[in-house]
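K.L.:
build me a structure from this.
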Amino acid sequence: MTARVLFGAVLCLSLVSARAQRNLEIGLSTGITHYYGDLGNWDSQVQWNSMRPAANITFRDFFNNPKRYVTRSLTMECRLSWFRIGYNEVESTGGLSGTELHNYKRGLNFRNDLLGASAHMVLNAYREPFTPLFKQRFFMYFHLGVGMYYGRPKADLFRGEAELANRYYFWEDGTIRDTPRGSASGNVVEQDGEYETDLYSWITEGRGKGKSSTIQDPQKPWHIGIPMGCGVRFMLTRRMSIGAEFSYYMFLTDMLDNVSERYATYDEIGRVYADSTSQYMARYISDPTGWGTDGTQSYRSSRRGNPGLPDNFSYFAFELSYKFKRSPGRKNYMSF
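P.N.:
Numbering: from 1, shown residues only. Predicted coordinates for the structure are as follows:
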């Protein structure tokens, strides 16, 4: 994984260096992501407690054709990104907690740290048509791109090591304890926030119904994303600029959170895992609270997610950027 990310970084740097004698800008942005997917406790696509940190490094190349308005308004960008997305359905939100939460009895959670590289075409709107874009003091822009991102969702399901003895138990009173429901006593515990369980390493879902039923395919950690958005940028000095941007990242997968279709039945899990310990582990990871499924296919207990709703997220960030001095002897204008 590290080697592929480094390869992406080298590719971006090589593309930039090929045009380094033009007007190059490097920006560092940081902000928050907002996840949209199958997990949530609000009856809307917006889940206000899904905000997580993120950061970008942007390499920006200005097209310098003073004779062509379209080219004069364009920049090309390469971005190296880290996005954290996640959600926890047993986490308090909006003054609600425990069994008051809409999906407390499903009780799923995940965190996915996405690392990737993307290329963007940017259309800039500015006020001074006869001033080069890299000298504009203030302008607005719109971008569209494509990128490849690496990420494996993980879950916080154990206190310490991923062993059944360390699992969480969800009680009817809205507490999490260290003993099964119905026990004479049990200590109330908090989730430790370690996200130790790699969800792609376990079979948690099935596909289809009846005779067409199949087990979940092994998931690949590489995801294609399509970022788009808009922003504004203001020049502080001849070299330094600040900006703000809102972007929306669409993905061609519904498994960034490892939730998509229905619970795997106990028979399906038994066909994948021969030993009983692994079977019980897979059942727990698929259905942490024990309220989600009875192990069979039925209208009441089968549905786990919505396969028609791909996982996406938004990103709001502030950027600080630095322009490199242009080589006066180079005029590499584009012709369109």
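K.L.:
all helices for the stretch 51-200 of the chain, in order.
P.N.:
Along the stretch 51-200 of the chain, counting by DSSP state H, counting those that start in this stretch, helices occupy 69-72.
K.L.:
okay, now the unreliable bits of it?
P.N.:
Applying pLDDT under 70 to the stretch 51-200 of the chain flags residues 63-72, 127, 129-133.
K.L.:
please enumerate the strands of it.
P.N.:
51-62, 74-88, 109-126, 138-150, 154-155, 169-170, 176-177, 197-198 (DSSP state E, counting those that start in this stretch).
K.L.:
just send those strands back as CSV, with distance to S247 too.
P.N.:
The way it works is simple: take the backbone N, C-alpha and C, and place the C-beta from them, glycine included. Formatted as CSV, the strands of the stretch 51-200 of the chain follow (distance: least, CB to CB, whole Å):
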stretch, distance to S247
strand 51-62, 9
strand 74-88, 10
strand 109-126, 9
strand 138-150, 7
strand 154-155, 24
strand 169-170, 36
strand 176-177, 35
strand 197-198, 28
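K.L.:
for R239, find the nearest of those.
P.N.:
Across the strands of the stretch 51-200 of the chain, R239 has its closest neighbour in strand 51-62 (13.2 Å, CB to CB).
K.L.:
for N88, what are its contacts?
P.N.:
By CB atoms under 8 Å, 6 or more residues apart in numbering, N88 lies in contact with 109, 156, 191.
K.L.:
burial of the last one, as a residue count?
P.N.:
Residue crowding around Q191 was assessed by other CB atoms under 10 Å; the count is 17.
K.L.:
number the residues from 810 up from this point.
P.N.:
With the count now opening at 810, the last piece we talked about shows up as Q1000.
K.L.:
what about the nearest residue to it once chain neighbours are set aside, how many residues close to it?
P.N.:
The shortest distance from Q1000 to any residue other than its chain neighbours is 5.0 Å, reached at D965 (CB to CB, 6 or more residues apart in numbering). Neighbour count of D965, defined by other CB under 10 Å: 20.
K.L.:
next, work out how far apart P1036 and R869 are.
P.N.:
15 Å (CB to CB, to the nearest Å).
K.L.:
next: K944.
P.N.:
Plainly put, K944 is 14 Å away from R869 if you go by CB to CB.
K.L.:
circling back to that earlier point, isn't the residue nearest to Q1000 right up against L1008?
P.N.:
No: using CB atoms under 8 Å, D965 is not in contact with L1008, being 11.0 Å away.
K.L.:
out of everything not next to it in sequence, what's closest to the residue most central in space within the chain?
P.N.:
The chain has I894 as the residue nearest its centroid, 4.3 Å off, counting by CA atoms, centre = their mean. Nearest non-adjacent residue to I894, counting by CB to CB, 6+ apart: Y844, 4.4 Å away.
K.L.:
verify the contact between the one you found and A863 for me.
P.N.:
No: between Y844 and A863 there is no contact under CB under 8 Å: 11.1 Å.
K.L.:
ok, these two, which is more surrounded?
P.N.:
Neighbours per residue, other CB under 10 Å: of Y844 and A863, the larger number sits with Y844, 27 against 21.
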